[in-house]
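*Asks:* sequence below, structure please.
(chains A, B, C and D)
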There are 4 protein chains.
Amino acid sequence: MHSTGASRDVLLVGMTSARVPLAEEYLAVRQTSLHLCAGFTVEDHCLQAMADASPAKWHLAHTTWFFETFLLSNFTEGYHPFHPAFRSLFNSYYNAVGERPLRALRHVLSRPGLEEVHAYRDYVDEAMVHFLSQDIPQAALDLVLLGINHEQQHQELIITDVKNGLAASPLRPAYRTSVHLDPQPASVVDLAWRSFEPCIYGLGFEGEDFAFDNERPRHQVYLDAFRLASRLVSNGEYLEFMHDGGYSNASLWFSDGWDCVRNNQWSAPQYWEQHDGEWWHYTIDGMKPVDSAQPVCHVSYYEADAYARWAGARLPAEFEWEVAAQSCPVTGNFLESGDLHPRTASDAAGLSQMYGDVWEWTASPYVAYPGFKPAAGTVGEYNGKFMCNQMVLRGGSCATPQSHIRATYRNFFPPHARWQFMGVRLANGN
Amino acid sequence: MHSTGASRDVLLVGMTSARVPLAEEYLAVRQTSLHLCAGFTVEDHCLQAMADASPAKWHLAHTTWFFETFLLSNFTEGYHPFHPAFRSLFNSYYNAVGERPLRALRHVLSRPGLEEVHAYRDYVDEAMVHFLSQDIPQAALDLVLLGINHEQQHQELIITDVKNGLAASPLRPAYRTSVHLDPQPASVVDLAWRSFEPCIYGLGFEGEDFAFDNERPRHQVYLDAFRLASRLVSNGEYLEFMHDGGYSNASLWFSDGWDCVRNNQWSAPQYWEQHDGEWWHYTIDGMKPVDSAQPVCHVSYYEADAYARWAGARLPAEFEWEVAAQSCPVTGNFLESGDLHPRTASDAAGLSQMYGDVWEWTASPYVAYPGFKPAAGTVGEYNGKFMCNQMVLRGGSCATPQSHIRATYRNFFPPHARWQFMGVRLANGN
Amino acid sequence: MHSTGASRDVLLVGMTSARVPLAEEYLAVRQTSLHLCAGFTVEDHCLQAMADASPAKWHLAHTTWFFETFLLSNFTEGYHPFHPAFRSLFNSYYNAVGERPLRALRHVLSRPGLEEVHAYRDYVDEAMVHFLSQDIPQAALDLVLLGINHEQQHQELIITDVKNGLAASPLRPAYRTSVHLDPQPASVVDLAWRSFEPCIYGLGFEGEDFAFDNERPRHQVYLDAFRLASRLVSNGEYLEFMHDGGYSNASLWFSDGWDCVRNNQWSAPQYWEQHDGEWWHYTIDGMKPVDSAQPVCHVSYYEADAYARWAGARLPAEFEWEVAAQSCPVTGNFLESGDLHPRTASDAAGLSQMYGDVWEWTASPYVAYPGFKPAAGTVGEYNGKFMCNQMVLRGGSCATPQSHIRATYRNFFPPHARWQFMGVRLANGN
Amino acid sequence: MHSTGASRDVLLVGMTSARVPLAEEYLAVRQTSLHLCAGFTVEDHCLQAMADASPAKWHLAHTTWFFETFLLSNFTEGYHPFHPAFRSLFNSYYNAVGERPLRALRHVLSRPGLEEVHAYRDYVDEAMVHFLSQDIPQAALDLVLLGINHEQQHQELIITDVKNGLAASPLRPAYRTSVHLDPQPASVVDLAWRSFEPCIYGLGFEGEDFAFDNERPRHQVYLDAFRLASRLVSNGEYLEFMHDGGYSNASLWFSDGWDCVRNNQWSAPQYWEQHDGEWWHYTIDGMKPVDSAQPVCHVSYYEADAYARWAGARLPAEFEWEVAAQSCPVTGNFLESGDLHPRTASDAAGLSQMYGDVWEWTASPYVAYPGFKPAAGTVGEYNGKFMCNQMVLRGGSCATPQSHIRATYRNFFPPHARWQFMGVRLANGN
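*Replies:* Presented below is the predicted three-dimensional model:
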């Protein structure tokens, strides 16, 4: 499939040519990971402020491990692993690969040091480029594409996890010292509603290009008429919910959400702090006043749902979102913009902000599509085993590589998670 | 609505006439609760071996509280509550009603004593019968039916919670000393597959009779072709899964399920114990050898799913189950049989055991139907706020009153729950 | 029995009079346990609001188990246990006797019922009386006395544990409906200081009478001069500490104590509640206004120590207390008074309230005396294995049988425990 | 006081002259801290594998904070703090200084980076040297000496905490690549018993030199005759305890100790692992076979006590140890040897290994001496508030600076702690 060329171009970071050899694509994505970490100190690479997040150094090593373990060790004869212990050391959650360190203690891996991890990357990259220059079987090609997409997912996590680690410091340090962000509109356009017809839709991924197993198979879904908000919910709108007592009104919350609010004493989105009556939030560029025009971010599913209920609306089902997204171009505020922060919605016909800015919580639990088949082999653990107790999010965020996202893409997190760039689009109807 | 008569007869316990006054229906259900507890000692009424379960005495009081709080206090002028503190004391989870005792400490309510709780029931019953003899508004009628169905739900919990409490004693005492259960077939009929056509189905409840808000509204769902197993999975089949290392094979489990298995050291269904190489299980009649022909029971969603995966099948979606159930009569092994234990499937054309015996785990997370509207007022907390992190079960069990169940009925529990009478029916196709 | 006086002599330390048959003594103590429970409902007998406390029914059975397990099963030929499972079921913490139920789930033992436990007591009592009518070896006599004292300890726990269980109910029910307590003085006498000389003292128990192994051996201790407060700290004095911000001033607390205060949000002694600006506390006779003249009670070691520091004093060492107590008669407000609540100190020369009212926290960790030897056999687990992480308390309380206490008696609890009748006597000097 | 010179020489690290200016002493100790970290990578400086341990970078900053907060900020006019946030950021536990980061999240402080912490040290050192060149008040001199001793305590923690962090890595890396340790004797000398007479001893610190407040005041203690083992318990002896089922014999353990063994599944000292039937342990130089002649190390108080009980002996009281140590020279295997590991006892008359090698658990809970007065001001929190729930250890270890230890020195840890260099000396008698 990948030899068809054009269809895969969309995966490339900053590339425009129609026929890019896979090795170039591989290297471009690998290079992006290092580029993202360029502003981190050695110590920043080790940050892990909670078990759900991982140190950047670990991300750099684990994505390398993926290629070494699933490609080089299986498909290249006589391959000599960089270090025999790394197979176990940088395993994330693959039971079939064997034991692995406790997730919460990934910050304890002071050895290998950052330089050795860089050397590990170089070593594997060299072997991969050589491997990719040969004639390789389809199964391997599939795994290379999976590995590239896997690395892109970890690029997003590098950003969100370092943000989480830096935010845990009382100093609230910015990760980069000077950056110029484009000025944003002072106010946000009015929210409008876009309508969709009842229909049996074909949804899910179909085609030759890369997609994760959880996007397949394409199947028929009947949807009643529905309406979707033209843009994301803004900080200003969310502040109204807060001022109206949203966090202390049990009737707006799921029972589990209400427990979560009280047990964690939530009274605002993650990273928000009130100083002298004003709300500030930690961004990757340090503490900033909350801009009421920008999209609300770092809210859990519980908060997204409570907000929607308060607003007299609801969250979209994942298929409603997908139906609407099919007609939108995959453009927006992605990792490539360098903002690493959502932008204020601009005036636009139709739907804006469907891609990029923030992942949009849907009302859909993450379950298998009818006829779902996990990928064969060890990588079958990639998606399928997480299809329980999580909710689907759609559309990518300001930390997602543009080439990584598409209308059928399904992200998923537990309903209490907040540290990703997560926000809210309202739906209505039914 | 309730005056339509015949349609509601199905709610009545042990009644056959076509037109039963609501007061009689009310009293019959109330009487059943007491009848279920007749074999309990005073101390058995106080058992609470885990936070999820409640003492029988609490169930007797809480169901009474429901009528006093939502009916008598709101609709009968000059009603004098039995005890001013009970409004708070026997509140289960209604935030709108106010504070309530910690769920895990319900066993601490030695006062009021059992006799006082009986007096409370009598007091409220008398007032209710008087109330029901009058002309009452529709909103109140709706609440009466809700209260009756609420009491039936707690009848099931009385059985499962006492079973849980008695099982926690090293003595594993039977709750009743002598009971004659009908002999069961020594072996179970072969499992066959029943096929269903792809179609847009109308699903969910529609009509004048009572149904919970979570069964509504009826809506269109497109289902692809599927097959459903003709009977429940048996203990013998589940033992094969166990013998084949089911509990130690990570690849069969959801990630959360695998954590659950290891953290709780699960190696068999709840209440199972191995003695001298033989499997026994605690039943409400004490320890019994596991009968390989009977349906497996007291398994979690995680176990049900892992079993299905091992068996090369899957769990049904809730709508698949409902489509199939629409053509089955609501008959089976219910609370009324007195067995309080699932029975071996008998040979039958079509589908057997769809109702009664054990609740059947579906692969469907418990979410609102399109257009779902919670009931108005405080009872809006009844169902809607639990629509997160739970899975749907269908069909009722050997502890469900027959008149309480129907094809559209949705029960729900978290995926780790096992103490209800929960079992497995396989599905296939897609 | 205990009103006859002479019959209790054998239990009294330092008394020489009379000869009461051991069987009478045995029966009198056994009868007292039942007498204490006479006011409890069947449900009250099952109360266990925290793992540290046990249901009264369990206390009645466990004390019986002690005689059956250590006496009847070992010393009477052909003894047939009342129920084979009770050996394990009512074991408290004796590893040498084997497995036992989880402490926190003692409330789950609905079976055996209270009547069966009473029958168990009768059965064992009959066998014991027969046994005691014979010529029995010294080792058995020692165990009988240990068993009698063991039962007295559980008498105190019956009171404190039921109090704890009833207090956990939102109803705060009194355990008895009408009781006449003697009126108490409206104010408390001034606190005075009694002085003691530096000396090498002989401390610990020596003699033929019964004493626990942890009171032995008598040994030499050098004490510098010290002063002891003439009476217990009163509620009024403790309220001054509270009003002065005692619970929010970290400098008054041990580090662990400060953590305990914050984690549990302590702001007053256990069972205290503020209503309309006034302090009330739960007593075994229900909620009562806090009487400022009465001794403060239900404070932890942390609170006792913080109070003493705030007052510019300190807690006594256990040997300082013992030196002082040697000259005091063993009189005071004990279980026999029936108050089950501490009384206001009366004017007296010397030291008042040294015995009874409340156990007095000392500054001494509970460790073995030089040359300590645990009792031989299984009962060696009685005291020795707890000599870590606990503090010594002295003097008995209003729930202690008078015949049970003496100057050398060492009670012990972890520093955070509050549910016993525990209070404060100040020391000074050095 | 410090100007008396000779008496303080013993405090100096690697210095031999009789009269060392305080500034030189200060700088020598400060230099030693950096010297200890010289072999750590930047990432090693950030290691924190459990809440009780701290990253080396934090130790380097916190010891600097001590001088800045208690000396420079209070005693030097116009002192400008290095960074305004550090006052809070590097506070360990001083409530009087204010808020501070969560102890368990010290590893999250990626900023300030190591270089900035080094700059912080330089900045404070320069100001301190200037300050020490002036005429300074006695209160400040006392704090300087406290700060120097405080830094020495953290030098030991730098070693034990990094060891703990490296050991948590599956790679078990050595912190230094090549080190030459002197060969040790293949076998250990026989254990002999040294006897001491009953007497009233004067114990605790008295004099002009530096000592912590918890060593004061000197006071009289009566001790009965006792015997002390001539050397530490060896690995070989401890292995006998293990082979004899020590870890599975409840009767050898305190109740809390037994719970600790089972809850943590302890079956050997910390850092021990069995490979192919042989015991290895992690040392700061990586995994090594356990040398049966060397002293056992990294055992908790619970294990030390259980071992002693098994051996038919007991642990010494802290005063027994101090009486014996008064006659021993303060020589041994200290931090200065560079081994960072205990050495095999050599043949010697009297008592060997009293100082250095491993801290020796005593049977004495850590409590205040009669007449104890905490140091005035904020540093009064240094010792006093920890005098609860901890046990005293004596004698220093292979990670203790030689000048830091003395006969009256009291170290203290909770009974479950094992990560310090902690071992066992037996006592007997009474």
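*Asks:* all helices for chain A, in order.
*Replies:* A:6-9, A:22-37, A:56-67, A:73-75, A:86-89, A:114-132, A:138-167, A:235-243, A:255-263, A:301-310, A:318-325 (DSSP state H).
*Asks:* for chain B, which of those is the nearest?
*Replies:* helix A:255-263 (4.4 Å; Cβ to the nearest Cβ). Quick note: C-beta positions are derived from backbone N, CA and C, even for glycine.
*Asks:* briefly note if that closest one comes near chain B.
*Replies:* Yes: Helix A:255-263 is in contact with chain B by Cβ under 8 Å from any Cβ of the partner chain, via A:Ser255, A:Asp256, A:Gly257, A:Trp258.
*Asks:* columns neighbour count and distance to D:Phe212 on top of the residues you listed, output as CSV?
*Replies:* Below are the residues of helix A:255-263 next to chain B laid out as CSV (neighbours: other Cβ atoms under 10 Å in any protein chain shown; distance: Cβ to Cβ, whole Å):
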residue, neighbour count, distance to D:Phe212
A:Ser255, 18, 53
A:Asp256, 19, 51
A:Gly257, 24, 51
A:Trp258, 20, 50
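*Asks:* list the contacts of A:Cys199.
*Replies:* Each residue near A:Cys199 by Cβ atoms under 8 Å, 6 or more residues apart in numbering or on different chains is listed here: A:Tyr222, A:Leu223.
*Asks:* and it, bridged to which residues?
*Replies:* Beta bridges link A:Cys199 to A:Leu223 when assigned by DSSP bridges.
*Asks:* where's it relative to C:Ala139, distance?
*Replies:* For A:Cys199, the distance to C:Ala139 (Cβ to Cβ, to the nearest Å) stands at 89 Å.
*Asks:* what's the answer for A:Ser178, then?
*Replies:* Separation of A:Ser178 from C:Ala139 (Cβ to Cβ): 85 Å.
*Asks:* between the two, which has more neighbouring residues?
*Replies:* C:Ala139 (12 against 6; other Cβ atoms under 10 Å in any protein chain shown).
*Asks:* list, one by one, the residues from the stretch 301-430 of chain A near chain B.
*Replies:* Checking the stretch 301-430 of chain A against chain B by Cβ under 8 Å from any Cβ, the hits are A:301-302, A:305, A:317, A:363-365, A:367-368, A:370-371, A:380-381, A:385-389, A:415, A:430.
*Asks:* can you select the buried ones from these in PyMOL?
*Replies:* The buried subset of these, as determined by 16 or more other Cβ atoms under 10 Å in any protein chain shown, is captured in PyMOL by this line:
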select buried, chain A and resi 301+302+305+317+363+364+365+367+368+370+380+381+385+386+387+388+389+415+430
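*Asks:* and the closest residue to chain C within the stretch 151-300 of chain A, how many neighbours?
*Replies:* Of all residues in the stretch 151-300 of chain A, A:Gln265 sits closest to chain C, at 13.3 Å by Cβ to the nearest Cβ. Using other Cβ under 10 Å, A:Gln265 has 7 neighbouring residues.
*Asks:* so A:Leu351 touches A:Ala324, yeah?
*Replies:* Yes: using Cβ atoms under 8 Å, A:Leu351 is in contact with A:Ala324, at 5.9 Å.
*Asks:* who has more neighbours, the two?
*Replies:* A:Ala324 (22 against 19).
*Asks:* domains in chain A, as residue ranges please.
*Replies:* Domain assignment for chain A by automatic domain parsing gives A:9-167, A:193-429.
*Asks:* got phi/psi on the residue sitting furthest away from the middle of chain A?
*Replies:* Relative to the centre of chain A, and counting by Cα atoms, centre = their mean, the farthest-placed residue is A:Gly78 at 35.8 Å. When read as degrees, to the nearest 10, the backbone of A:Gly78 gives phi 70, psi 10.
*Asks:* on that earlier part again, who touches both of A:Leu351 and A:Ala324?
*Replies:* With Cβ under 8 Å, 6+ apart, A:Leu351 and A:Ala324 have common neighbours A:Arg194, A:Leu228.
*Asks:* quick one on the thing from earlier: what would the residues of helix A:255-263 next to chain B look like in CSV with pLDDT?
*Replies:* CSV is the format used below for those (pLDDT from 0 to 100):
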residue, pLDDT
A:Ser255, 96
A:Asp256, 97
A:Gly257, 98
A:Trp258, 97
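*Asks:* any idea what sits nearest A:Leu239, other than its immediate chain neighbours?
*Replies:* A:Ser292 (6.5 Å; Cβ to Cβ, 6 or more residues apart in numbering or on different chains).
*Asks:* that neighbour: how many residues sit nearby?
*Replies:* Quick note: A:Ser292 (other Cβ under 10 Å) scores 18 neighbours.
*Asks:* test my guess that it contacts A:Asn235.
*Replies:* Yes: using Cβ under 8 Å, A:Ser292 makes contact with A:Asn235 at a distance of 4.9 Å.
*Asks:* which of the residues of helix A:255-263 next to chain B lies closest to A:Pro401?
*Replies:* For the residues of helix A:255-263 next to chain B, the closest approach to A:Pro401 (Cβ to Cβ) belongs to A:Gly257, at 31.4 Å.
*Asks:* who touches the closest one in this structure?
*Replies:* Counting by Cβ under 8 Å, 6+ apart, A:Gly257 has contacts A:Ser300, A:Tyr301, A:Tyr302, A:Glu303, A:Asp305, A:Ala306, A:Pro415, B:Cys388.
*Asks:* and with 10 Å instead?
*Replies:* A:250, A:266, A:300-306, A:415-416, B:385, B:388-389 (Cβ atoms under 10 Å, 6 or more residues apart in numbering or on different chains).
*Asks:* quick check, nearest of those residues to chain D?
*Replies:* A:Trp266 (18.1 Å).
*Asks:* just the pLDDT for the closest one.
*Replies:* Reported pLDDT at A:Trp266 in the predicted model: 98.
*Asks:* neighbours around it, how many?
*Replies:* Residues near A:Trp266, counting by other Cβ under 10 Å, number 19.
*Asks:* what sits closest to it if chain neighbours are left out?
*Replies:* That would be A:Tyr247: by Cβ to Cβ, 6+ apart, it lies 6.4 Å from A:Trp266.
*Asks:* distance of the one you found from B:Glu381?
*Replies:* Applying Cβ to Cβ to A:Tyr247 and B:Glu381 gives a distance of 18 Å.
*Asks:* residue ranges with poor pLDDT in chain A?
*Replies:* A:1-19, A:430 (pLDDT under 70).
*Asks:* 90 instead, please
*Replies:* Chain A contains residues with pLDDT under 90 at A:1-20, A:93-102, A:175-186, A:208, A:346-349, A:373-383, A:429-430.
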